[in-house]
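Colleague: got a predicted structure here, sequence first:
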Amino acid sequence: MLIGPGGAGKGTVAAALTARVPDLWLSRSWTTRPRRPGEDPNAYVWVTPEEFRRRVAEGGFFEWAEYLGNLYGTPVPDPPPGSDVLLEIDLQGAEQVVAKRPDAVVILLLPPSFDVQRARLVSRGDPDEHVRRRLEKGREEVVHGHELARYEVVNADLEQAVEELAGIVCATRRKDVDAP
């Protein structure tokens, strides 16, 4: 699982990581928030709150949470055979997954600084109030993320961050194979 505050670069890093690491499948989350201008149409499955809640009632989510007034959730994963699953989720979702799967590997992705984080959020085109709320919430997420995550990676340089993450995935896979 890749967790971290808004502006850490989780989406960009997750896409680059799955492109680099064979047999790593990125789960596509659902959300009720509006799509940002210029946002990749495949970044999420955008649904109405009613559609989301119907899926919750059907037991269709591995995890889900409300975050700053919007709903986000990971459908029960259905990866291709032989693939490991990568979840790009928030802290609430990660806690739910760890409760169900204590063996899950949690990686905290961090922005290199508060100023870079703010600049990344502003560049998305979000309103100032939303940026302020994301930054405030992000501070809490980092504190709790340190407690939950087994690994931490600073995303100052995309290529370096992806290289570190690929190393973590490979090392984790070796441990699984080496375990009795």
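Modeller: Great, that's in hand.
Colleague: what's the weakest-modelled helix or strand in this structure?
Modeller: helix 158-178 (a mean of 88; mean pLDDT, DSSP states H and E).
Colleague: residues of stretch 149-165 that come out buried?
Modeller: Neighbour counts over stretch 149-165 (16 or more other Cβ atoms under 10 Å) mark 149, 151, 153-155, 161-162, 164-165 as buried. Where C-beta positions appear, they are placed from N, C-alpha and C, glycine not excepted.
Colleague: what is the most widely separated pair among the residues you listed?
Modeller: For these, with distances taken as Cβ to Cβ, the pair at the greatest spread is 149 and 162 (17.3 Å).
Colleague: just give me the residue right at the centre of this structure.
Modeller: residue 88 (2.1 Å; Cα atoms, centre = their mean).
Colleague: pLDDT score for that one?
Modeller: Looking at residue 88, its pLDDT reads 93.
Colleague: separation between it and residue 18?
Modeller: Distance, residue 88 to residue 18, by Cβ to Cβ, to the nearest Å: 10 Å.
Colleague: what is in contact with these two at once?
Modeller: Both residue 88 and residue 18 are in contact with residue 26, where contact means Cβ atoms under 8 Å, 6 or more residues apart in numbering.
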